[in-house]
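Participant: fold the following, please.
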Amino acid sequence: MTEYISTKDTAKLLRTALKNAFPGVKFSVRMSTGTASAWMSVSWSDGPTDSDVRAITRQYKGRSFNSMTDSYDDNGSALVAFDGDDMPRVVHYSCDGINTHRDHTTAGYRVAQHLISTDSDRKDLVLFTPGGDTITGATLPQSLYVAGHFHDYIYSPTQLAQAILRRVNLCTVTAPTR
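Facilitator: Alright, predicted model coming up:
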């Protein structure tokens, strides 16, 4: 017999899973209201990449929106062991979708500057102060290789930092000490 788990209870389970997967990172898990009441929104600052978080959140979606048919596809049920001594149960999550959003703080921008200074072909490029604030009037390169990726179409120091940080799990990077 399948047990259906409400979106509210799914949000509680998701909070716990994110806390266990990324200790020390504060996540905001909010349920939508009204027509989209079966949707959730997850947001956090710095920490893991969006793809790392989505790897966790996708396990809690009971349905996925299919834009080709303009309808939802059922993701099926899952066999879950909630407590150590209890037998696993077949569950179906009532959540239709989870949106994720990652912000970057000045500490994150400081890490981006550190990566540029240590990992790029332009070690002399300074776009942020030691405090993580943008240096206005900084000369921007046309392209840059940093954090294992080639970055071009650079419009601002903040945009470059966001492009670098999009690919970097800040849980695994040691921040500069100054």
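Participant: neighbouring strands of the helix or strand of the chain with the lowest mean pLDDT in the sheet, and parallel or not?
Facilitator: The weakest-scoring helix or strand in the chain, judged by mean pLDDT, DSSP states H and E, is strand 78-80 (a mean of 85). The strands that strand 78-80 pairs with in its sheet are strand 89-93 (antiparallel) (by DSSP bridges).
Participant: now the helix or strand following the strand it pairs with: mean pLDDT?
Facilitator: Heading C-terminal from strand 89-93, the first helix or strand you meet, by DSSP states H and E, is strand 97-103. Per-residue pLDDT values over strand 97-103 give a mean of 95.
Participant: now do stretch 38-57
Facilitator: Per-residue scores along stretch 38-57 average to 95.
Participant: centroid-nearest residue for this protein?
Facilitator: Against the mean C-alpha coordinate of the chain, by C-alpha atoms, centre = their mean, the closest residue is D50 at 2.7 Å.
Participant: quick one, phi psi at it?
Facilitator: In terms of degrees, to the nearest 10, the main-chain angles of D50 are phi -60, psi -40.
Participant: was I right to think it contacts R166?
Facilitator: Yes. Under the criterion of C-beta atoms under 8 Å, D50 makes contact with R166 at 7.1 Å. Placement of C-beta: from N, CA and C, glycine included.
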